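**Student:** how would this look folded up:
(chains A and B)
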2 protein chains.
Amino acid sequence: MKQSAIISNIFELPFQLPLEELFEPLLSTKDLLIERIISTGQTTPSGEWYDQERDEWVILLQGEAKLTYETGETYQLIAGDYLLIPAHQRHRVNYTSSEPPCIWLAIHGDLS
Amino acid sequence: MKQSAIISNIFELPFQLPLEELFEPLLSTKDLLIERIISTGQTTPSGEWYDQERDEWVILLQGEAKLTYETGETYQLIAGDYLLIPAHQRHRVNYTSSEPPCIWLAIHGDLS
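**Tutor:** Residues are numbered from 1 along each chain as shown, chains lettered A, B, ... in the order given. Have a look, this model is predicted:
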């Protein structure tokens, strides 16, 4: 089907950001999710870990953040940094900047 | 398999850019390709169209570009703009900035 393109801008933020992290699906199929995540200082609650069923390829497009794997490695991320977080790689986000907000682009799926 | 993350930065360019557009796979599976494209003024040759087998979700992360669909719609893109180009949606790139270079992130796959 031929169609006109719908163009959006990933850096355009809502006028008022919620207190929680904002997860917005940009494209979703049965196998894949492309989402934008906006963080403004939130971190993974102490003692908790993300343990995801699917691989996640993620890029930080704005802001600064810190990511820790359960194995102990800690990664300081700046705008443009990307990595693949394999499924069930337990990880947490220790820090996200609020000025500017962190803008993440994440791709979830079978990426291995 | 648990492993240390390999972190790269999408804004880090090679010291010397080639004369041609640079296509670099960042992650490739049987179903999906995530690639970085760097353009420095190149455009689709006159009279030619991209006609791709797979859907492409693409975001321009740096620079400015102009995209035209065969149906006539023309889109001016700035950093952060993203869109889905359906498979076989014939399109061409009419303009890409060279200062700064265009940095694109493209996801190719079955996205519909």
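
**Student:** Now A:Ile34: which helix or strand?
**Tutor:** strand A:33-39 (DSSP states H and E).

**Student:** List the contacts of the following helix or strand past that strand.
**Tutor:** The helix or strand immediately downstream of strand A:33-39 is strand A:55-62, counting by DSSP H and E. Residues external to strand A:55-62 that are found in contact with it (CB atoms under 8 Å, 6 or more residues apart in numbering or on different chains): A:10-11, A:77-87, A:100-112, B:10, B:26-27, B:34, B:61, B:80, B:105. Yep, even glycine has a C-beta here, placed from its N, CA and C like the rest.

**Student:** Please determine how far A:Leu13 is located from A:Pro101.
**Tutor:** Look at A:Leu13 and A:Pro101: by CB to CB, to the nearest Å, they are 7 Å apart.

**Student:** Overlap of the contact sets of those two?
**Tutor:** With CB under 8 Å, 6+ apart, A:Leu13 and A:Pro101 have common neighbours A:Ile38.

**Student:** where are the low-confidence patches of chain A?
**Tutor:** A:1-3 (pLDDT under 70).

**Student:** which outside residues touch stretch A:75-86?
**Tutor:** Applying CB under 8 Å, 6+ apart, the contact partners of stretch A:75-86 are A:52, A:55-69, A:91, A:111-112, B:1-3, B:5-12, B:26-27, B:61.
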